[in-house]
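Asker: I'll drop the sequence and a predicted model, then ask my questions.
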Amino acid sequence: MKRGELLTRTTKANGTLHQMGLKHRTDKCDEYHVHLRESYLDIYEKYFEELRGSPINFLELGIKRGCSLRLWKEYFPEASIHGVDVNPNCQFDDDRIHTHQASQDDSEFLLNLSETVGGFDIILDDASHINSLTIKSFDILYDKCLRNNGVYIMEDLGNSYVDLSKHAGYWDGELLYNQSMGVDLSHKREDMDNLFSSLIKRLDTQDSEIRSVQFWSRIAIILKGESRPQYKIPSLW
């Protein structure tokens with residue numbers, strides 16, 4: 001069996017989003033993106049279903065072959081879909097799909113894009129899987145670009161434990177490109193743990209618009225609420 005082959009039998013395969021994922025051949029429902037017979041797409045549908053008929057803005061960092069962008073276009077018939085990738089060979093435009101060549105840590109570009117479209121309802125980071133860039137994207141996008149009641153997803157967090165400098169030739173040379181741009185690939189999981197710890201503290205102290213921080217296998221989902229509280233919660237109560 002070839003690596004990456006789509007396997008319906010490894011998952012529940014009963015969700016609309018999962019079935020569409022098989023149709024568009026996105027790896028978000030292959031055997032490497034399944035835990036306890038539940039694919040990434042089975043998980044995402046729990047959060048996406050209520051938004052399905054709404055005119056949302058969807059941003060995905062990382063395009064590759066564009067399979068998931070076409071999936072989002074079909075699943076969200078009223079949505080505007082945006083994809084960002086540093087690779088010029090990933091760029092294409094289709095009805096309601098707009099792709100942009102930029103790095104996921106290009107704050108000027110990302111902020112300008114968000115301002116142009118009026119913010120995003122869903123942001124999904126499936127880009128470099130390099131901790132420092134994942135964190136930078138979140139720092140740029142969550143507070144300023146994600147709309148109230150929005151969903152922010154970090155994908156493939158299994159890579160956050162790996163010293164990627166030992167695997168620089170993987171992923172069609174994308175890691176080598178980032179390395180050539182001065183990005184340190186020898187990251188440690190503590191980078192992400194520190195981020196998640198800070199988010200949980202913001203949640204517990206009610207010092208932000210974070211509504212919840214949720215973890216699935218290799219996925220973190222941070223939900224945004226309506227607005228920041230107008231009072232300061234006491235440290236003891």
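Answerer: Received, thanks. In this text, all values refer to a predicted model and were calculated from it rather than measured experimentally. Numbering: from 1, shown residues only.
Asker: Let me see the mean pLDDT of the strand ranked longest in the chain.
Answerer: Longest strand in the chain by number of residues, with DSSP state E as the criterion: strand 146-155. For strand 146-155, mean pLDDT is 97.
Asker: With stretch 48-65 instead?
Answerer: Stretch 48-65 comes out at a mean pLDDT of 96.
Asker: Quick check: residue 102 touching residue 84?
Answerer: Yes - Residue 102 lies in contact with residue 84 (Cβ atoms under 8 Å); the separation is 5.4 Å. Heads up, the C-betas are built off the backbone N, CA and C, glycines and all.
Asker: tell me, what's touching these two both at once?
Answerer: 109-110 (Cβ atoms under 8 Å, 6 or more residues apart in numbering).
Asker: ok now the longest strand of the chain, how far from the chain's centre?
Answerer: 8 Å (Cα atoms, centre = their mean, to the nearest Å).
Asker: So what are the sheet partners of it and their directions?
Answerer: Taking DSSP bridges as the criterion, strand 146-155 forms sheet pairs with strand 120-125 (parallel), strand 219-224 (antiparallel).
Asker: Helices along the chain, start to end?
Answerer: 16-24, 40-48, 67-75, 107-117, 131-145, 174-180, 190-204 (DSSP state H).
Asker: Quick one, which of these gets closest to residue 217.
Answerer: For residue 217, the closest of these is helix 40-48, at 8.7 Å, according to Cβ to Cβ.
Asker: pLDDT-wise, which helix or strand of the protein ranks last?
Answerer: helix 174-180 (a mean of 66; mean pLDDT, DSSP states H and E).
Asker: Leaving out the residues flanking it, which one is nearest to residue 195?
Answerer: residue 135 (5.4 Å; Cβ to Cβ, 6 or more residues apart in numbering).
Asker: per-stretch mean pLDDT over the helices of the chain, give me the minimum one.
Answerer: Sorting the helices of the chain by mean pLDDT places helix 174-180 lowest, at a mean of 66.
Asker: Isn't residue 200 up against residue 213?
Answerer: Yes - in this structure, residue 200 is within contact of residue 213 by Cβ under 8 Å, at 5.7 Å.
Asker: Which of those two has more residues huddled nearby?
Answerer: residue 213 (17 against 13; other Cβ atoms under 10 Å).
Asker: What is the burial count for residue 35?
Answerer: When neighbours are counted by other Cβ under 10 Å, residue 35 comes out with 14.
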